[in-house]
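**Q** next come a sequence and a model predicted from it.
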Amino acid sequence: MGRMKALFRPLAAVAALSLVALALTGLAACGGPGGDVDPYKVLSEASAAMKKIKGFHFVYEVHKPASAEPGSGLEIARITGDVNSEGNMQATIDVTQGGVPLRLKFVAVGDTHYIQDPLSLKWQSIAANDSPVGTLNLSAGTIQILDRIQDPTYEGEESKGGNKTYHVAGEVAAEEVAAIAGAVDTTNTFPTDIWVGANDSLVYEVDIAGAATPNEDQEIWRSIALSNLDTFVDIKAPQ
C-alpha cells in the first residue's frame, strides 16, 4: 500500500481539477466588463448553472513543450474520467514512470477509494481520508480556486466542443494552483482561462498556465475539458 500511495500522491491534482467546474459558487472575481459581455455576469451565471448539474465527463491534460526535458519520476500526462453529483468518480490515468508509459484506473465511491495495481490488475481499497487523491466532494466549498480569479477580462466568443462559448481570462494566486498541480514552489500568479457556454452558462474548459515548481518547464500548462455536462454516470465500486 505504501508503494501505491507514493505512486498516486501527484493525483491530488486530479480530484481538485476534476471538481473545478463545480467549485464556482460564490465566485467573486475582480475586474470590469470587456466588449459587450460582462465577465462578472458570465462567471456568476456559470456558478448558478454548474451547481445544478448531475455530473460531467472530463479530460485533464498536462501540456509540455517539445523542448521540455523528460522527467525521471512519475509524470501525469492525461486523466480521463467521469464525476457525478453524488461525489463519485471513475478515471483512467495515463502516466510515465521513469519514461515507461502506464495506464492506471481509479474509482472513488463514498468514503472509499479504489486503485488498480498496474501489474497485478487487482483493486486495492483505501479510506478517502487516507487516499493520496483526497476526499472527493462536489459541494461548493471543496475547492475555491476559481473564487479568487484576479482581474478577469472578456476575451471574445469561441467554439468549444461545438458549443459557442464566452472566453474569460484572469490570474490565479499560487496557493490556489496547488490544488491542481499537486505541489507549488513559487509565489507567481498563474494565467487562467475559462470558457463558459453562451447559451447554457456551463463550463466547457479551464486552462492554467505556468510552472508550479522550479523543475517544471516554464511553458507548461494544464487543462481540463468538460463534456456530457448534466449527465449522471452511475459509478460503482469495482468487483
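**A** Nice, I can see it. Given the structure is predicted, the values throughout are model-derived calculations rather than measurements.
**Q** assign Ser47 to helix, strand or coil.
**A** Here Ser47 is recorded as helix under DSSP: H, G, I helix; E, B strand; the rest coil.
**Q** I meant Lys41, not that one.
**A** Lys41 - assigned by three-state DSSP - is helix.
**Q** burial of it, as a residue count?
**A** Applying other CB atoms under 10 Å, we find 13 other residues in the vicinity of Lys41. The way it works is simple: take the backbone N, C-alpha and C, and place the C-beta from them, glycine included.
**Q** ok, now how distant is it from Lys64?
**A** 35 Å (CB to CB, to the nearest Å).
**Q** then Tyr114?
**A** Taking CB to CB, one finds Tyr114 at 29 Å from Lys64.
**Q** show me which residues of stretch 232-239 are buried.
**A** 233, 235 (16 or more other CB atoms under 10 Å).
**Q** and the contacts of it?
**A** Here stretch 232-239 makes contact (CB atoms under 8 Å, 6 or more residues apart in numbering) with 54-55, 57, 82, 84-86, 88-90, 105, 107-109, 112, 114, 116, 123, 125.
**Q** any of those residues buried? List them.
**A** Applying 16+ other CB under 10 Å to the contacts of stretch 232-239 flags 55, 57, 82, 84-86, 88-90, 105, 107-109, 114, 116 as buried.
**Q** out of these, which one sits closest to Ser47?
**A** Nearest to Ser47 among these is Ser85, at 15.8 Å by CB to CB.
**Q** I figured the closest one hits Lys52, correct?
**A** No - contact criterion CB atoms under 8 Å: Ser85 and Lys52 do not qualify, at 9.1 Å.
**Q** okay, and the common contacts of these two?
**A** With CB under 8 Å, 6+ apart as the test, Ser85 and Lys52 reach no residue in common.
**Q** show me which pair in the buried ones among the contacts of stretch 232-239 is furthest apart.
**A** Using CB to CB, the two most remote members of those are Ser85 and Gln116, lying 24.4 Å apart.
**Q** all helices for this protein, in order.
**A** Per DSSP state H, the chain has helices spanning 2-8, 12-18, 39-50, 174-181. These are given in chain order.
**Q** residue furthest from the geometric center of this protein?
**A** Residue distances from the centre of the chain (CA atoms, centre = their mean) peak at Asp36, which lies 29.1 Å from the mean C-alpha position.
**Q** so where's this structure shaky on pLDDT?
**A** The chain contains residues with pLDDT under 70 at 1-35, 71-74, 131-147, 177-183.
**Q** residues in contact with Lys164?
**A** The contact partners of Lys164, by CB under 8 Å, 6+ apart, come to 157, 197-199.
**Q** ok, 10 Å please
**A** 157-158, 195, 197-200, 204 (CB atoms under 10 Å, 6 or more residues apart in numbering).
**Q** and the buried ones among the residues you listed, selectable in ChimeraX?
**A** Filtering the contacts of Lys164 down to the buried ones (16+ other CB under 10 Å) takes a single ChimeraX command:
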select :195,197,200,204
